[in-house]
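S.K.: My questions concern the predicted model and sequence given below.
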Amino acid sequence: MAIEVVSASMMTSDATAHIARCVGGDLWVVSWLPGRTLSGAQALAAMTIASTAAHHVDSADSEWLRIEALSRELGLTGREAVYLVNIESHELRRTAPPHVQHTE
């Protein structure tokens with residue numbers, strides 16, 4: 001499970017399809033937390049949670065304490081974070097479709 005920073009503008013992981021993108025300065029958006037802007041440290045925590053959760057961690061697993069601690073950095077519980085990782089499927093790797101202008 002490795003998290004890679006690509007050109008200081010994107011974080012990816014070999015364990016999950018979720019990504020984090022830098023939107024300027026030290027502001028990041030993470031695919032499983034739509035609508036939130038995070039610091040670089042928080043984005044790394046979010047990506048670590050997503051990578052760890054990809055291995056189907058449950059509360060009896062030793063990795064659970066790590067997820068709980070990282071989730072607190074995001075203002076979430078471990079259960080909330082794992083739930084969001086599992087339900088969110090925003091694809092930030094794709095570029096936005098071109099804006100279509102309608103003319104009449």
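M.R.: Happy to help now that I have it.
S.K.: List the contacts of residue 81.
M.R.: 46, 49, 53, 67, 70, 71, 74 (Cβ atoms under 8 Å, 6 or more residues apart in numbering). (Glycine included, C-beta is placed from N, CA and C.)
S.K.: Quick check: which of the residues you listed has the minimum pLDDT.
M.R.: Among the contacts of residue 81, residue 53 carries the lowest pLDDT, at 89.
S.K.: Can you tell me the strand partners of the strand or helix carrying residue 12 and which way each runs?
M.R.: Using DSSP states H and E, residue 12 falls within strand 10-13. Using DSSP bridges, the strands paired with strand 10-13 are strand 3-6 (antiparallel), strand 20-24 (antiparallel).
S.K.: Now the terminal residues of stretch 10-27, how far apart.
M.R.: In terms of Cα to Cα, to the nearest Å, the two terminal residues of stretch 10-27 are separated by 11 Å.
S.K.: quick one, what contacts the spatially most central residue of the chain?
M.R.: What sits nearest the mean C-alpha location of the chain, by Cα atoms, centre = their mean, is residue 30, with 3.9 Å. Counting by Cβ under 8 Å, 6+ apart, residue 30 touches 18, 19, 20, 36, 38, 43, 46, 47, 50.
S.K.: Buried ones from those, can you make that a PyMOL selection?
M.R.: Only the buried entries of these go into this PyMOL selection, using 16 or more other Cβ atoms under 10 Å:
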select buried, resi 18+19+20+38+43+46+47+50
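S.K.: So which of the contacts of residue 30 belong to helices?
M.R.: 43, 46, 47, 50 (DSSP state H).
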